[in-house]
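> My questions are about this predicted structure, shown below with the sequence.
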Amino acid sequence: MPTAAVLDRELSAGAKGGHLKHIFDVEREGDGEDSQRLVMNFGPQHPATHGTLRSIFTLEGETIVEADVEIGFLHTGFEKLAESMTYQQWVTVTDRMNYLSAINNNVGYAVAVEELLGIEVPPRCQALRVIMSELSRIADHVLCVGLQGMDLGAFSVMLWAFEKREMVYDIIEAVCGARLTTSWTRIGGIIRDVPEFFPDLVYQFLEEFPKLHREIHLMLSGNRIFKDRVQGVGVLTREQALSWGVTGPIGRASGLDIDVRRDRPYLGYDRYRFAVPVHSEGDCWARYLQRMAEIDQSLEIIRQAMATLPDGPVVHEDFKTSLPKKDAVHRDMESLIHHFKLVMLGHGIRPPKGAMIYSSTEAPCGELGFFIASDGTDVPLRTRIRPPSLYNYAIFPRLVEGGMISDAVAILSSFHVIAGELDR
Amino acid sequence: MAADPAPAIPAAPGDVAPPRHPARKALPSPLDLLVLGETVHAGQHAIFVRSPAQRPILEHLRRAQGFDFLKDVTAIDLLGRDEAERFQVIYIVHRLADGSTLRVHAWLPEEADSVPSVFDLWDSARWGERETHDMFGIVFAGNPDLRRFLMPEDYPAFPLLKDYPLTGRGERRQFPLVRPRGDEMVEEAPLPYPTSIGRGMHTPEYIEEVKRESKPKPG
């Protein structure tokens, strides 16, 4: 059954060279009761799904006439776990959400709990959190761009992206000892100050990364094959994006000008000058350009933050809520008492009873929100994650309907849905 | 709904007449009567209503006041917390024009059949309500797609209810463990649950389980 969307596709394909025209004609002949429909499972074990996403496509020829998705294959019950873990313990769980940019999840959760408690972290901690968040964002975006290239036939871009992304992971490893499951933040600060060679690593990255950025532009931005696969594919309008709650680069590529870093500045983001790039086309091409433009802005933020990195403590120095330094715990009595008061079950961080907060930060995929309700004990009454991937992915079945199977691959890779965050 | 004298439900403890959110001031008086209370924490406003009064209020916020972005739909289970009702269904609405955010908490008794859906106002409510249904069993009347979401479609429980244990009710034990022994595959009893997480460590069941596990196994 040729839908209006198929007609539109056919028209735009005709304008680009008409490579869809023949298939479309065949479909038209097969219209009616005796048309043959095929139900195809796309995933959960398909290389192009990058994880455990399952889509069920009803096909007529190669055209998707109906799409449905099934999620939850990676459901781990993070929100249920939060009912039995203290505020500090749950930081480790946030790593596992968007595992490509774990730092952003750590920071988002720490910001939420700090907002609930009404504490503000010291300037050095804020600046370090900003630098690490932006490094993570770059790693996430560049991997997404690389995978977008890989899914559409440009394998080298993914390998280049992986190589340079390794620099970010080296920095993360130097800062917190882990690469993937960072657990870097603590409520009221970060685990420890960065090593002395941290600025060298970051400046080296700032010097080398723009080369890759240029290379990707050279490789993809003028690439006819890539452009044919992404231009005009999976167009998401601004109204759709707003109504479905799509945020982040996908929303901004559709002209939805939301960025929590600018609209509701946290961690002193208002101190840095940066632009929020916006594209209006809303197709996979715009989402690619959007991520490339956002990488530029993140580099700019890191440069400014490194230039103005203040000295001082990295932990909010009220040890009723933030853990004292470990060597201080070994040396002096008061820190030891504070430490025990914080880690003992039933003590620890206890926000006032009835306090509730919805706090959001800008994660690489979009607005990452935490709704936390306290019952006055050290274990929250309810911790709700608003995962950006969940609300971004909701529109996916609508977008692929009327397109080809290969378009679904292009759309999915441009959406960059992280299953760990989607299913939690 | 507005006429009958609703029993006083405390909005939240320690609530002392906070300044009203501009969006609440802009509500017409019949709708404002439905609001039971308002709290502010860290500059964030929340208004409390009794379900299904959230539907006309959200409709007004969407259509007349231009709250065009529903950030999230979720719920809290307050079982055993000495509150007036068991559930709160929470809507977080946002207006792009001036960046103001408001939370609408709807009290929902345990015996209520359903909550009116708001998917026709914001499409993001489709999946938000679906997940809330999947986790709490709350039925959103009118939502066209309330299949199981994160849990399997034959799952017999709603995991975020407070009376649902952290370690489950043994659903995973339904899966037999099949191991090769010699030339044939033998079905074994499933492995016990890991329960060493946070509070779970101190429950009598856990201590019992540790005792059981530490005994030398026969054979």
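Great, that's in hand.

> Low-confidence ranges, chain A, go.
Regions of chain A meeting the criterion pLDDT under 70 cover residues A:1-35, A:47-49.

> Closest residue of it to chain B?
With Cβ to the nearest Cβ as the measure, residue A:245 is the residue of chain A nearest to chain B, at 3.2 Å. Using the backbone N, CA and C atoms, a C-beta is placed for each residue, glycine as well.

> Test my guess that residue B:142 contacts residue B:119.
Yes. Judged on Cβ atoms under 8 Å, residue B:142 makes contact with residue B:119 at a distance of 6.9 Å.

> follow-up on the earlier one: my read: the residue of chain A closest to chain B touches residue B:73, true?
No. Using Cβ under 8 Å, residue A:245 makes no contact with residue B:73, being 9.9 Å away.

> quick one: common contacting residues for these two?
Shared contacts of residue A:245 and residue B:73 (Cβ atoms under 8 Å, 6 or more residues apart in numbering or on different chains): B:124, B:128.

> Distance check, the residue nearest in space to the middle of chain B against residue B:134.
The centre of chain B sits closest to residue B:75, judged by Cα atoms, centre = their mean, with a distance of 2.6 Å. Distance, residue B:75 to residue B:134, using Cβ to Cβ, to the nearest Å: 11 Å.

> If you rank every helix and strand of chain B by mean pLDDT, what lands last?
When the helices and strands of chain B are scored by mean pLDDT, DSSP states H and E, helix B:204-214 comes last with a mean of 66.

> Could you look up the SS state of residue 79?
Using chain A. Classification of residue A:79 by DSSP: H, G, I helix; E, B strand; the rest coil places it in helix.

> that's the other chain; I wanted chain B
At residue B:79 the chain is in coil, as set by three-state DSSP.

> Next, it: phi, psi?
Dihedral angles of residue B:79 (phi, psi; degrees, to the nearest 10) stand at phi -60, psi 130.

> ok, and the closest non-adjacent residue to it?
Ranked by Cβ to Cβ, 6 or more residues apart in numbering or on different chains and with sequence neighbours excluded, the top spatial neighbour of residue B:79 is residue B:162, at 4.1 Å.

> do residue A:188 as well
Using Cβ to Cβ, 6+ apart and skipping residues adjacent in sequence, the residue nearest residue A:188 is residue A:322, 2.9 Å away.

> mind checking the SS state of that neighbour?
Going by three-state DSSP: residue A:322 is coil.

> Could you list the domains of chain B?
B:22-172, B:174-213 (automatic domain parsing).

> just these: most buried one?
The highest mean neighbour count among the domains of chain B, using mean count of other Cβ atoms under 10 Å in any protein chain shown, belongs to domain B:22-172: a mean of 18.

> what mean pLDDT would you report for that one?
Per-residue pLDDT values over domain B:22-172 give a mean of 88.

> Any idea how far it is from the middle of the chain?
8 Å (Cα atoms, centre = their mean, to the nearest Å).

> Just the closest residue of chain B to chain A, please.
Closest point on chain B to chain A, by Cβ to the nearest Cβ, is residue B:124, at 3.2 Å.

> Report the contact partners of that residue.
A:243, A:244, A:245, A:391, A:394, B:69, B:70, B:71, B:73.

> Give me every residue in the stretch 101-250 of chain A lying close to chain B.
Within the stretch 101-250 of chain A, the positions lying close to chain B (Cβ under 8 Å from any Cβ of the partner chain) are A:115, A:116, A:118, A:240, A:242, A:243, A:244, A:245.

> top of those by neighbour count?
Counting neighbours by other Cβ atoms under 10 Å in any protein chain shown, the top entry in those is residue A:245, with 29 neighbours.

> quick check, residue A:256 in a helix?
No. Counting by three-state DSSP, residue A:256 falls outside a helix, being coil.

> Do you have the strands of the chain handy? List them.
Using chain A here. A:38-42, A:54-60, A:63-70, A:185-186, A:189-190, A:356-363, A:366-373, A:382-386 (DSSP state E).

> my bad, chain B
So, for chain B - with DSSP E - the strands run B:37-41, B:44-50, B:69-77, B:87-94, B:101-108, B:115-116, B:140-141, B:177-181, B:184-188.

> what's the burial count for residue A:39?
Residues within reach of residue A:39, counting by other Cβ under 10 Å, total 10.

> do residue A:191 as well
Residue A:191 has 18 nearby residues by other Cβ under 10 Å.

> The one 4 residues further on now?
Using other Cβ under 10 Å, residue A:195 has 11 other residues around it.

> my guess is residue B:138 contacts residue B:89, does it?
Yes. At 6.5 Å, residue B:138 and residue B:89 qualify as touching, with contact defined as Cβ under 8 Å.

> shared neighbours of these two, anything?
Contacts common to residue B:138 and residue B:89, judged by Cβ under 8 Å, 6+ apart, are B:75, B:108, B:115, B:132.

> which residues does the first one contact?
For residue B:75, the contact set (Cβ under 8 Å, 6+ apart) comprises B:87, B:88, B:89, B:90, B:108, B:132, B:135, B:136, B:138, B:160.

> and what of the third one?
Residue B:115 sits next to B:51, B:52, B:54, B:89, B:106, B:108, B:138, B:139, B:140, B:141 when contact means Cβ under 8 Å, 6+ apart.

> let's see it at 10 Å
Contact analysis of residue B:115 by Cβ atoms under 10 Å, 6 or more residues apart in numbering or on different chains lists B:51-52, B:54-55, B:73, B:75, B:87, B:89, B:106, B:108, B:129, B:132-133, B:138-143.

> The second one now?
By Cβ under 10 Å, 6+ apart, the residues touching residue B:108 are B:50-52, B:54, B:75-76, B:78, B:85-89, B:114-115, B:136, B:138.

> distance of it from residue B:134?
Counting by Cβ to Cβ, the gap between residue B:108 and residue B:134 amounts to 16 Å.

> Over to residue A:365?
In terms of Cβ to Cβ, residue A:365 sits 21 Å off from residue B:134.

> just checking, residue A:403 touches residue A:234?
Yes. Between residue A:403 and residue A:234 a contact is recorded at 7.1 Å, counting by Cβ atoms under 10 Å.

> need the helices for the stretch 251-400 of chain A, in chain order.
Taking DSSP state H, counting those that start in this stretch as the test, the helices found in the stretch 251-400 of chain A are A:260-263, A:284-307, A:326-331, A:333-343, A:388-393, A:396-400.

> which one is residue A:282 nearest to, not counting chain neighbours?
Spatial nearest neighbour of residue A:282, excluding adjacent residues (Cβ to Cβ, 6+ apart): residue A:254 at 3.7 Å.

> surely that neighbour meets residue A:243?
No. Using Cβ under 10 Å as the test, residue A:254 is too far from residue A:243 to be in contact (11.5 Å).

> where do the contact lists of these two overlap?
In terms of Cβ under 10 Å, 6+ apart, residue A:254 and residue A:243 are both contacted by the residues residue A:237.
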